[in-house]
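1. this one's sequence-less:
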């Protein structure tokens, strides 16, 4: 069997006029903000946060802190399993662009940033709870994350990805509330102070199946480290402006979604244990329903099971067993 399924890529601008498509996961960062009565104000405020943070980090030759602005595209990847034109929405990521108003240039930033996947919803919200339902001790199902990881690596190896994007993706997520992070003496001029942890989180291990390693950095004027998932060399493969585009985009989302961690009123110390029970934090002016998001993840995981996992189980299992990446 071929190691390749057919992927298609669609691009949609993420701006104050953005409306989620029918195929967009409703738990996705950007889709959450684009619903309800406050949708346009949410989007405008979010983009302003990103622009302000970008200019804060890209402060050289930028005396008025207004030289740059961020533009975002939502990259939706669909997969055709049987080669018959019927597709399933697989992955959504973000592409950043940097507008340099001084030079009148639009510079391509990093692809990745946010990461959304229906199969990951299935793995975390359906398969994992079902596996642990009657167990006294938490455990991971056999081959957990293998299929998802191989689909992701197959996408990165595909001609369509390499035709659309110049560099491998960088995914930037929140640190885990189940782990403790220790500050190191390593400091990067853009990414900031590096943190390390003694053991990987379930998310870290899941992303490792996707071929991505992780490092944790707390940029200047941040209050908590971010988790950066990448292949290659995070510190030398990307320019300063590219890294700033990812930090400013994803830190803004995290301030909205996890204000207890990323909008806390005190910065992480040398030993840091993230917690969503922390009370000393500030709220942004952006409306977001976190409880609804967790409920939707379960619904979307079950939908994935019915529309993708069950109908294509035999094909997917055979493909995963034979796929070498």
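-> Perfect, I can see it now. Here the structure is a predicted model, which is why all the values come from computation and not from measurement.
2. which residue is nearest the centroid of the chain?
-> Of all residues in the chain, the one closest to the mean position by C-alpha atoms, centre = their mean is residue 114, 2.5 Å from it.
3. In its sheet, which strands sit next to the strand or helix carrying that one, and in what direction?
-> Element membership for residue 114, per DSSP states H and E: strand 105-117. Sheet pairing of strand 105-117 (DSSP bridges) gives strand 88-100 (antiparallel), strand 170-174 (parallel).
4. Including mean neighbour count, distance to residue 218 and mean pLDDT, could the ones you listed go into CSV?
-> Backbone N, C-alpha and C define where each C-beta goes, glycine included. Formatted as CSV, those follow (neighbours: other C-beta atoms under 10 Å; distance: least, C-beta to C-beta, whole Å; pLDDT from 0 to 100):
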stretch, mean neighbour count, distance to residue 218, mean pLDDT
strand 88-100, 21, 20, 94
strand 170-174, 22, 12, 96
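5. I'd like those strands as TSV, with distance to residue 241 appended.
-> Formatted as TSV, these follow (distance: least, C-beta to C-beta, whole Å):
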stretch	distance to residue 241
strand 88-100	5
strand 170-174	13
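6. what's the weakest-modelled helix or strand in this structure?
-> helix 29-33 (a mean of 56; mean pLDDT, DSSP states H and E).
7. Report the secondary structure state of residue 283.
-> The three-state label given to residue 283 by DSSP: H, G, I helix; E, B strand; the rest coil is coil.
8. Tell me who's in contact with the spatially closest residue to residue 98 that is not a sequence neighbour.
-> Nearest residue to residue 98, sequence neighbours excluded (C-beta to C-beta, 6 or more residues apart in numbering): residue 107, at 4.3 Å. Taking C-beta atoms under 8 Å, 6 or more residues apart in numbering, we find residue 107 in contact with 97-100, 241.
9. and those as JSON lines, adding distance to residue 69?
-> Below are the contacts of residue 107 laid out as JSON lines (distance: C-beta to C-beta, whole Å):
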{"residue": "97", "distance to residue 69": "9"}
{"residue": "98", "distance to residue 69": "8"}
{"residue": "99", "distance to residue 69": "5"}
{"residue": "100", "distance to residue 69": "9"}
{"residue": "241", "distance to residue 69": "12"}
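10. As a check, name the ranges of all strands in the stretch 101-250 of the chain.
-> For the stretch 101-250 of the chain, strands defined by DSSP state E, counting those that start in this stretch occupy the ranges 105-117, 170-174, 181-188, 192-197, 213-218, 226-230.
11. What pairs with the last one, parallel or antiparallel?
-> Pairing partners of strand 226-230, with direction, according to DSSP bridges: strand 170-174 (antiparallel), strand 213-218 (antiparallel).
12. what's in contact with it?
-> 112, 115, 168-176, 191, 203-204, 207, 210, 212-219, 234, 237, 246-247, 250-251, 254.
13. can you rerun that using 7 Å?
-> Here strand 226-230 makes contact (C-beta atoms under 7 Å, 6 or more residues apart in numbering) with 168, 170-175, 207, 212-217, 234, 250-251.
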